[in-house]
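Trainee: Predicted structure and sequence below. I'll ask about it afterward.
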Amino acid sequence: MELLLDSLFNGVAIGSVLLVAALGLAIVFGLMGVINLAHGELMMLGAYTTYVTQLIFKLPIFKPFYNSYIIVSIFLAFIVSGVVGILLEKTIIRKLYGSPLETLLATWGVSLILQQFVRSVPLAYGTGLVVSLIIGLFLPASFPSKIKESINFKYFKFSSWIFAALTGVLTGSIISSSISKLSRASARNVDVTAPSWMRGQVEIIGTAFPKTRLMIIIITLISVIAIILFLNQSAWGMRIRAVTQNRQMSDCLGISTEKVDIITFGIGSGLAGVAGVAVSLLGSVGPNVGGNYIVGCFMVVVLGGVGNLLGTVLASFGIGIMTDLIGAGRLLSIWPNMPLPLSNTINFFATTSMARVMIFALIVIFLQFKPTGLFPQKGRMVES
Amino acid sequence: MSLSKIKFDKKIVLSFWIILIALIIAAPTLLPVFRLNLLGRYLSLSIVALGVDLIWGYTGLLSLGQGIFFALGGYCAAMYLQINSSSEFPNNIPEFFALYGVEKLPFFWEPFRSSAFTFFAIWIIPALVAGLIGFLVFRNRIKGVYFSILTQASLLVFFNFFNGQQKLINGTNGLKTDVTQLFGQMVGSDSLQRIFFWITAIIVIAAWFFAKWVVKGRFGNILIGIRDDEPRVRFTGYNPVIFKTIIFSIAGGLAGISGALYTVQSGIVSPQFMTVPFSIEMVIWVAVGGRGTLLGAILGAVFINYAKSLVSEALPASWMFIQGGLFILVVTALPEGVLGWIQGDGPRNLLQRFGLRRKIETYPSLEVNNKEGINE
């Protein structure tokens, strides 16, 4: 019983990282049919945001609030990754709608650039750049509509970008002068240390669980609930669902699909950032951190089916629990006296990497029976 | 008038081939050993690019897992070389087995003692694996991005498998080939490398003609039909699954040959051949060269790799930026690739933009009608 609980918890912990990472991917894929290969790198940005936030909170001014930095960094990571995502959508992905394979290649290019960017640009100036992007994108949108509609709006826009650039440079130089760790570029992995209230273990029903894992499960839970509420209760959520179901018809009914695309992509990328915070709690953060999770996320999306959050949730927990059962060889301890050839096979697959092999095989077998995932979209049409 | 419509004189074609063959024969004397070796490697990569062009450029299947078949071919060649030059090691098996305390040769190594078996295994094993993966995926009408993702996932599966099995195939260290013997000579020696270069050049040309033959005629037409509108092909009475599986295994076989040639020239095969970036790079060679143009795939593979080695020698950090930029640029601005752009209306449009060439006054309907022969 205890063993089963332990296994279940581990599985849920693995699954919740997958879930929070795959959630954004699933929403974007469901809406636009676009696979964003840079999703892993947006996660990486989120993880680095956590790192930078941690260092900033070590400065004397913020020192009293140090313990809460992880909460702050969740929001910051959402904003940072979201803004980079919006920029991506506005500059590249928008031009490639209707050709998902090309989008896939272009986003791969973006992911290469982001990786190398983190390696060769000091994090302080990277932060400055992100700050100026945030201001530049949001300041013009925050003007009252009277100014927005005037002919001279382009001057306002231009001047706000200049203001943004100046703020960015200022932020960058302040950070780089006050935190020496961020002033040099380095390709080395960095570590995020959890605040003291998150270290150690907590006991539930006689079994000890690490607190960081619990925190990740909570983050995931909150993000899923927030997304479900947003999609089902808010006006924009309704528009997003409408466009997911039928793009042309929504367009005809006056929904600005362009805006819906931007918002969806922003939210999806932001969720990648939140996933990055979770990932940073699990191990060290490096330029390649996203690549370790991205294929798992794709598997979740494929297994869960398009445009259905329940499928995403079930698929990620399913994969998580299976990974733990196979990878840690728990099947043997649950059923100790199984026949020899079977137990040999299970031992052969009882490593993390071999568990992946096994799970992929299972997914392919599953797709033979349900080619469109757990919860396929209903409707009859010739697939386009 | 576009370039593709120009009919070349037979004499020009003949002299082109003579020059090409002369260059291939003379290359070992013209280039230093290091550069020659690089050129040979890049030429062997162009074979896998041909395969990518067949499945992506002609059939519209974007596979991100060609590295599997590439590495499988490489492993076949390396296993043959290792096992046939292991007579002085304990138990008559390759040296690395002793590190892990393995005394008996794993069963699947046995057939690779025979050179005839290896000769066929290099391309048949990857083709069979590709056919199996392809059939399982295509049978369920999984396509588009789903197909790309599944191929990428299977790439990772193979990577994990090969990376983790030290006792079977030396895991992450890979199999070295440059210190093994072939025909009583060291594989890494200059004289044998020169022969490998010639063999590679010949096989590239052969593969080019083979690919041309594949895309010619009805088979090729069906491939293009699948790319442009698969449901319509199905409704016309063809079964796209068979055609897709066949072309995917052909591409797999080409990748295997390419991997074997690359392995003997680079001196090692390792799970690094099955990493995600390498397989996506293969796609970008084709995309830059021009998809749907076989020559473009070859030229793209050779030139991009050459540029990569030159840039990496000078400015190591900048190649990732350049490569990333290439991905973005080629899909947004140059979707047909360089060769496709030259063959299409690209140069004329460019000349017009700079005012060097007079715009052709056309009326769209006039052009169409002329084609139909109505106005005459």
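Mentor: Now that the structure is in, tell me what you want to look at.
Trainee: what's the distance between B:Gly267 and B:Phe183?
Mentor: Distance, B:Gly267 to B:Phe183, by Cβ to Cβ, to the nearest Å: 17 Å. Every C-beta, even on glycine, is put in place using the N, C-alpha and C of the backbone.
Trainee: Can you pick out the residue with more neighbours from those two?
Mentor: Just comparing B:Gly267 and B:Phe183: by other Cβ atoms under 10 Å in any protein chain shown the higher neighbour count belongs to B:Gly267, 16 against 7.
Trainee: check contacts around the more buried one.
Mentor: B:Lys176, B:Thr177, B:Asp178, B:Val187, B:Gly188 (Cβ atoms under 8 Å, 6 or more residues apart in numbering or on different chains).
Trainee: Output the contacting helices and strands for the helix or strand where A:Ile70 lies.
Mentor: Here A:Ile70, judged by DSSP states H and E, is contained in helix A:69-91. Here helix A:69-91 touches helix A:39-57, helix A:100-120, helix A:123-138, helix A:257-282, going by 3 or more Cβ pairs under 8 Å, 6 or more residues apart in numbering or on different chains; DSSP states H and E.
Trainee: Count the neighbours of the closest residue to chain A within the stretch 201-350 of chain B for me.
Mentor: Closest residue of the stretch 201-350 of chain B to chain A, Cβ to the nearest Cβ: B:Phe327 (2.6 Å). Neighbours of B:Phe327 under the rule other Cβ under 10 Å: 29.
Trainee: OK, contacts around it?
Mentor: Taking Cβ under 8 Å, 6+ apart, we find B:Phe327 in contact with A:Leu105, A:Ala106, A:Trp108, A:Gly109, A:Val110, A:Leu112, B:Ile284, B:Ala287.
Trainee: repeat for B:Leu315
Mentor: Contacts of B:Leu315 by Cβ under 8 Å, 6+ apart: none found.
Trainee: so what's A:Pro371 closest to, chain neighbours aside?
Mentor: Once flanking residues are discounted, A:Pro371 sits nearest to B:Asn140: 3.6 Å by Cβ to Cβ, 6 or more residues apart in numbering or on different chains.
Trainee: What strand or helix carries the most centrally placed residue in chain B?
Mentor: Nearest to the mean C-alpha position of chain B, by Cα atoms, centre = their mean, lies B:Val48 at 1.2 Å. Per DSSP H and E: B:Val48 is located in helix B:33-52.
Trainee: and that helix, which residues are buried?
Mentor: For helix B:33-52, the neighbour count (16 or more other Cβ atoms under 10 Å in any protein chain shown) marks B:36-52 as buried.
Trainee: Determine the set of other helices and strands touching that helix.
Mentor: helix B:10-30, helix B:66-83, helix B:190-215, helix B:240-266, helix B:276-289, helix B:294-314.
Trainee: List the strands paired with whatever helix or strand comes next after the longest one, with their directions.
Mentor: Where DSSP H and E defines the elements, the next helix or strand beyond helix B:240-266 is strand B:268-269. Pairing partners of strand B:268-269, with direction, according to DSSP bridges: strand B:175-176 (antiparallel).
Trainee: and the following helix or strand past the partner strand, how far from the chain's centre?
Mentor: Per DSSP H and E, the first helix or strand lying C-terminal to strand B:175-176 is strand B:181-182. Put simply, strand B:181-182 sits 26 Å off its chain's centre (Cα atoms, centre = their mean, to the nearest Å).
Trainee: what does strand B:181-182 rub up against?
Mentor: Residues contacting strand B:181-182 (Cβ under 8 Å, 6+ apart): B:Leu81, B:Asn84, B:Ser85, B:Val187, B:Leu192.
Trainee: Can you name the two of those residues that sit furthest apart?
Mentor: Spatial extent of the contacts of strand B:181-182 (Cβ to Cβ) is set by the pair B:Asn84 and B:Leu192 at 14.3 Å.
Trainee: Where does the prediction get shaky in the chain?
Mentor: All of this is about chain A. Across chain A, the ranges flagged by pLDDT under 70 are A:1-3, A:205-206, A:307, A:329-338, A:340, A:376-384.
Trainee: try chain B instead
Mentor: For chain B, the ranges with pLDDT under 70 are B:1-9, B:345-347, B:353-376.
Trainee: Residue of chain A nearest chain B, please.
Mentor: As assessed by Cβ to the nearest Cβ, chain B sits closest to A:Gly109 within chain A, at 2.6 Å.
Trainee: hmm, back to that, will you turn the contacts of strand B:181-182 into TSV that also has neighbour count?
Mentor: Listed next are the contacts of strand B:181-182 as TSV, based on neighbours: other Cβ atoms under 10 Å in any protein chain shown:
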residue	neighbour count
B:Leu81	25
B:Asn84	17
B:Ser85	18
B:Val187	23
B:Leu192	18
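Trainee: Out of these, flag the one nearest to chain A.
Mentor: In terms of Cβ to the nearest Cβ, no member of the contacts of strand B:181-182 lies closer to chain A than B:Leu81, at 26.8 Å.
Trainee: Run through the residues that contact A:Tyr66.
Mentor: A:Tyr66 touches A:Phe57, A:Lys58, A:Pro195, counting by Cβ under 8 Å, 6+ apart.
Trainee: Could you count how many residues lie near the closest residue to the first one other than its chain neighbours?
Mentor: What it means is A:Phe57. Counting by Cβ to Cβ, 6+ apart, the nearest residue to A:Phe57 once its immediate chain neighbours are dropped is A:Tyr69, at 4.0 Å. When neighbours are counted by other Cβ under 10 Å, A:Tyr69 registers 21.
Trainee: ok, back up a step: the residue of the stretch 201-350 of chain B closest to chain A belongs to a helix, doesn't it?
Mentor: Yes - counting by DSSP: H, G, I helix; E, B strand; the rest coil, B:Phe327 is found in a helix.
Trainee: Please tell me I have it right and A:Ile147 contacts A:Phe153.
Mentor: Yes - counting by Cβ atoms under 8 Å, A:Ile147 touches A:Phe153, with 6.3 Å between them.
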